[in-house]
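> sequence and computational prediction follow.
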Amino acid sequence: MALFSRLGWTSPSPTPPHSPSPTRSSSPARQQRFVSSRPSTPSRTVTFAEAPSFAQDNPYVRTGYRRELRSWKSCIYSVVGYTHNETVNIWSHLVASAFAFLVLGVGGFGLLSRLQGDDWWQGIGSVKRGRIGYRALWTAVYPFPSAEHPSVSHQDTFLFGLLFAGGALCFAFSAVFHTALAHSHEVVARTRRLDYLGIFLLGNACFLTNFYYGFHCDPHLQHFYTGLMTAGTGVGIFVVVLSDEYQTHDYRRLRAAVFVAVGMIAVFPFGHALIRYGWDESSKTMSFHWIALESLCYLLGALFYAERCPEIFSSTGRFDLLGSSHQLFHILAVMGFMAQYAGASEAFRYVHGEWGAVCV
């Protein structure tokens, strides 16, 4: 026995009489060894420190990051398969994009039906009653030429189509980018450019409707400001989207400045309309109150995003999955688009309804 002890061996203790032999399942130590020997399945989401570097943008969102998936199939599965900190960002703009594409499809079907002599949509969007206030947020218009509204032209049709096409593409590109944000560095870099492109396209489409109705009786001013905004958008796309040189983190402020500069171009036509037509008229043709609401939505969204609010005030990750600054930014962007549509539809109702689009 002494030899066994020096070698670290011990003899088994005798089993008391009439005592049942211990079984494998009755030993907690054996159970623990059995459980711990099972291979553990890695969590689908990780912390900020464990996330891939290209996804580390906001350190105040502490958890809920997807691993580097390097597969479009896995990225698409993550949209519906499990919850992470991009789920709300994806779905908020995916639903908005689907709705905008649906409106485009219904509008295209309505135009096709009208060309075939069936004006089934005309009663929905009649402009005879004029402006309708807050109901403009969800009420359709009929932007097609007709005998009932002879002042309406295919330019109206084109501009409303352009507005919803801009919204559909902007929100779709955003949803694609946030879906791909777990793919790889190369794919994220490419889809980020798509995201920027969508912002420029939507901004340009929104302003063109304002210029068209704001300068309805001054086509030369319509064309001038439309050309100015389109040129500014083109420069912005070249600098922010197409140029490889300005894609690095060092030029982040420059990219932000370009977005602001392109948006500020609209100050000139808005100011010109006020001086030329006065507040009463230009506020109706350009729907300044709706523009103010739209601008408020975008500014609040940008403020939340820039200041990382409200997650900066939480040390427990309360807003990681729901309520973070980027999610609020997305929702406010959709609300801003709705306000833009309401303003464009109210300007349409005023110009072709109350006013009658009679230029003297």
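Nice, I can see it.

> show me where the chain dips below the pLDDT cut-off.
Low-confidence regions of the chain, defined here as pLDDT under 70, cover residues 1-41, 110, 112-129, 249, 360.

> ok, and what's touching the helix or strand hosting Tyr277?
Of the helices and strands defined by DSSP states H and E, Tyr277 is found in helix 267-285. With C-beta atoms under 8 Å, 6 or more residues apart in numbering as the contact definition, helix 267-285 has outside contacts at 131, 207, 210-211, 213-216, 218, 221, 225, 228, 286, 288-289, 291, 347, 350-351, 354-355. Any C-beta I mention is one placed from the backbone N, CA and C, and that applies to glycine too.

> please check the residues you listed and keep the buried ones.
131, 207, 210-211, 213-216, 218, 221, 225, 228, 286, 288, 291, 347, 350-351, 355 (16 or more other C-beta atoms under 10 Å).

> check contacts around Thr83.
Shown here is Thr83, whose contacts under the criterion C-beta under 8 Å, 6+ apart are 64, 321.

> is it fair to say it lies in a strand?
No: residue assignment for Thr83, taken from DSSP: H, G, I helix; E, B strand; the rest coil, gives coil, which places it outside any strand.

> for it, what are phi and psi?
With angles defined as degrees, to the nearest 10, Thr83 sits at phi -100, psi 140.

> tell me, how many residues neighbour the nearest residue to Leu303 once chain neighbours are set aside?
Counting by C-beta to C-beta, 6 or more residues apart in numbering, Leu303 lies nearest to Cys309, which is 7.4 Å off, once chain neighbours are set aside. Cys309: 15 surrounding residues under other C-beta atoms under 10 Å.

> Phe238 too?
Phe238 has 12 nearby residues by other C-beta under 10 Å.

> can I assume it sits in a helix?
Yes: assigned with three-state DSSP, Phe238 falls within a helix.

> how much space between it and Leu208?
Plainly put, Phe238 is 19 Å away from Leu208 if you go by C-beta to C-beta, to the nearest Å.

> confirm for me that Ser324 is in contact with Asp57.
No: under the criterion of C-beta atoms under 8 Å, Ser324 makes no contact with Asp57, lying 11.0 Å away.

> between the two, which has more neighbouring residues?
Set side by side, Ser324 and Asp57 show more neighbours around Ser324, with 28 against 11, by other C-beta under 10 Å.

> next helix or strand past the host helix or strand of Leu159?
Element membership of Leu159 [criterion: DSSP H and E] is helix 154-179. Where DSSP H and E defines the elements, the next helix or strand beyond helix 154-179 is helix 185-214.

> circling back to that earlier point, now the helix holding Tyr277: buried residues?
Within helix 267-285, the residues that count as buried by 16+ other C-beta under 10 Å are 269-270, 272-274, 277, 282-285.

> and Ile265, its phi and psi?
Here is the backbone geometry of Ile265 (degrees, to the nearest 10): phi -60, psi -30.

> my bad, should have said Tyr65
Per degrees, to the nearest 10, the backbone of Tyr65 is at phi -80, psi 140.

> so it versus Val95, what's the distance?
23 Å.

> do the same with His183
His183 sits 22 Å away from Val95 when distances are taken as C-beta to C-beta.

> more crowded one of the two?
His183 (22 against 13).

> now do the more buried one against Leu94, distance only.
Between His183 and Leu94 the distance, using C-beta to C-beta, works out to 17 Å.

> quick one, helices of the protein?
Here the chain has its helices, by DSSP state H, at 2-6, 28-36, 72-81, 87-115, 154-179, 185-214, 219-236, 252-264, 267-285, 288-307, 325-349.

> as CSV, the ones you listed with distance to Arg318 would be great.
Listed next are the helices of the chain as CSV, based on distance: least, C-beta to C-beta, whole Å:
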stretch, distance to Arg318
helix 2-6, 58
helix 28-36, 32
helix 72-81, 22
helix 87-115, 14
helix 154-179, 21
helix 185-214, 27
helix 219-236, 36
helix 252-264, 27
helix 267-285, 39
helix 288-307, 15
helix 325-349, 13
